[in-house]
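1. sharing a sequence plus its predicted fold:
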Amino acid sequence: MKKTFALMFVIILSFTLTLAGCGGNNAPEKSPEPAKTPESNANAGKQTEGNGGAVKEGDQGEKETVTLKWGTWMGDEEAARIIEAFTATHPHIKIEKDPAVTWPWNEKLAAVAAAGELPDVMWTFGVPVAAANGWLEDLTPYLAADEEYKAGKTFKNLDDTANYSGKQYALPHTLLMFAVFLNLDLFEKENIPVPSANWTIDEMRDAANALTKFNDHQFGFGNLKAMRETLAASFDPALGWNTWDGKQYNFTNPAFKQSVTYLDDLLYSDKVALDIYKGEEKDQWYGKGKSPWMLGKVGMQYDGTWMIAGSIKEAKFKWDVRPLPSSKGSRIPLITDYVGIAKSSKHKEAAFEFVKWLTFSKEGWMERMKPEWPLGTTPLINDEDVWNAYLGREDMPAGMKDLVGMIPEGFADPLKWLPGYDDALKIYHETFKKIDEREVKLEDVSADMEKRMNDTYKAAAEQIGKAE
């Protein structure tokens, strides 16, 4: 078995610093709403254990006590909260956070794998790396035997990202979204109508121009360049992150050129975004290290939902969130982190119970939706009780309900699941650096960029196939 993916650590880790955090079908005109029927209690007393039959939770005292090592980049306090909640209903399973697995993540996983000491349950920074190196157990038979999973309340578009050739190597345990944050006070101040969830690219451009007051260092947009990787989906809903459609990159698709031109007009013609100004200028205007969004000087900010908790605490103005604006459709960009079971684990059935609690167990999600838990993730199961608990949290922005309804047709950031994406992203950034510096034109290099990035995918996908 070849181990070439184990050599990609430095390349992969370099992109954790540039992308916040971690393909699709055509989106319908209206995104599906979350499930409206409360979870049935018919199976409330059941759990499945690996490939075996169902057992009742009341029987757990009869099980042999096992200890699992858990490789996670959670902080100690957060991990302890997870462990305490899980073991309260699974007392026969003891969880220990593995201190040997830390950053750089894949490098440390490779080291413990070489020593035969992989943690039983592990977060993966790149599922393809772990799969190609033979570190991960195929979860397919465990999921096929689990009644709660077979109920179909997980998001298939997200589960499928970690499924290669019919093998489910991992499951998403954390879900975040990219959205447009709106400063509602600035919209009111400038007498601009607040856009609805089905707003258009024209409405966004008009609002960005009306919100920009350069003499006041007030701008219509922040972090606009980041939208380059996702906005093509608004011009062609068949495209996902960086034009990935589930099989290949599509930079020669006219929708990509349209999206880049649209954003370049906002950046360089309208000059309504902070992105084009130097760091020292922004430090002079707002103070070193200060966030223009939190200071109320940005009308719209394209960012991840990790910004919700900070905005709740720090923003002194009314705000809300919206999905990407539409040209021919609108889909939501998603960010996922993954967890799997070590193929070398001696306690795979118990490990599956912990993975289940972290990923698709209603019990696990209802625990994490309690008000005293930090808001660290969007739920990964489509269940009315869970959504009511999540959306009903204090200060949750009203627009999140619309974003939640778009999850089933959303598309995930490929960084942690698409084979070869680390190398492909390097090609993408190198190309756009030349475009931004006016050395080349997009139309002259898009075909070459598309081919090279597709070649990296094919080569990496072949490595996973050789892992067995």
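-> Structure's in. What do you need? Fair warning: this is a prediction, and the values are worked out from it, not measured in the lab.

2. contacts and neighbour counts: CA atoms only from here.
-> Will do.

3. extract the CA atoms of stretch 398-409 and return them as CSV.
-> Extracted C-alpha coordinates of stretch 398-409, given in CSV (Å, rounded to 0.1, in the frame of the first residue of the first chain):
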residue,chain,number,x,y,z
ALA,A,398,-33.7,35.4,12.4
GLY,A,399,-32.1,34.8,9.0
MET,A,400,-30.5,31.5,10.2
LYS,A,401,-33.9,29.8,9.7
ASP,A,402,-33.6,30.5,5.9
LEU,A,403,-30.0,29.2,5.9
VAL,A,404,-30.9,26.0,7.7
GLY,A,405,-33.6,25.3,5.1
MET,A,406,-30.9,25.4,2.4
ILE,A,407,-28.5,22.8,4.0
PRO,A,408,-29.8,19.8,2.0
GLU,A,409,-28.8,21.5,-1.3
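
4. spell out the secondary structure type for the closest residue to residue 236 other than its chain neighbours.
-> The shortest distance from residue 236 to any non-neighbouring residue, by Cα to Cα, 6 or more residues apart in numbering, is to residue 255 (5.8 Å). Counting by DSSP: H, G, I helix; E, B strand; the rest coil, the backbone at residue 255 sits in helix.

5. show me where the stretch 151-300 of the chain has its strands.
-> Secondary structure of the stretch 151-300 of the chain by DSSP state E, counting those that start in this stretch: the strands cover 163-164, 167-168, 171-183, 219-222, 298-304.

6. check contacts around the residue located most distally from the centre of the chain.
-> Distance to the chain centre peaks in the chain at residue 62, reaching 38.6 Å (criterion: Cα atoms, centre = their mean). Counting by Cα atoms under 8 Å, 6 or more residues apart in numbering, residue 62 makes contact with nothing.

7. check what pLDDT the residue nearest to residue 236 gets.
-> Per-residue pLDDT puts residue 255 at 98.

8. from memory it sits against residue 240, does it?
-> No - here residue 255 lies out of contact with residue 240, judged by Cα atoms under 8 Å, at a distance of 11.3 Å.

9. what touches both of those two?
-> The contact sets of residue 255 and residue 240 overlap at 232-233 (Cα under 8 Å, 6+ apart).

10. ok, these two, which is more surrounded?
-> Legend: neighbour count by other Cα atoms under 10 Å for residue 255 and residue 240, higher for residue 240 (30 against 22).

11. quick one, phi/psi of the more buried one?
-> Dihedral pair for residue 240: phi -120, psi -150, per degrees, to the nearest 10.

12. residue 79 touches residue 96, doesn't it?
-> No - contact between residue 79 and residue 96 fails when scored by Cα under 8 Å: they sit 9.4 Å apart.

13. please identify the most buried of the strands of the stretch 151-300 of the chain.
-> Highest mean neighbour count of the strands of the stretch 151-300 of the chain: strand 219-222, a mean of 28 (counted as mean count of other Cα atoms under 10 Å).

14. and that strand, what other elements does it pack with?
-> helix 201-211, strand 298-304 (3 or more Cα pairs under 8 Å, 6 or more residues apart in numbering; DSSP states H and E).

15. contacting residues around that strand?
-> For strand 219-222, using Cα under 8 Å, 6+ apart, the contacting residues are 207-213, 272-275, 293, 297-302.

16. residue 389: how many residues sit nearby?
-> The burial count for residue 389: 16, using other Cα under 10 Å.

17. distance of the nearest residue to residue 340 once chain neighbours are set aside relative to residue 158?
-> Spatial nearest neighbour of residue 340, excluding adjacent residues (Cα to Cα, 6+ apart): residue 170 at 4.4 Å. Computed as Cα to Cα, to the nearest Å, the residue 170 to residue 158 distance reads 11 Å.

18. the two: who's more crowded?
-> Remark: of residue 170 and residue 158, residue 170 carries more neighbours, 30 against 22, as counted by other Cα under 10 Å.

19. so what pLDDT did that one get?
-> 98.

20. residue 62 too?
-> Note for residue 62: predicted pLDDT of 70.

21. now do the one 10 residues further on
-> Predicted confidence (pLDDT) for residue 72: 98.

22. then residue 46?
-> pLDDT at residue 46 comes out at 38.

23. then residue 16?
-> 38.

24. tell me how far residue 445 lies from residue 124.
-> With distances taken as Cα to Cα, residue 445 is found 33 Å from residue 124.

25. and residue 351, by the same measure?
-> 15 Å.

26. neighbour-wise, which of those two wins?
-> residue 351 (28 against 24).
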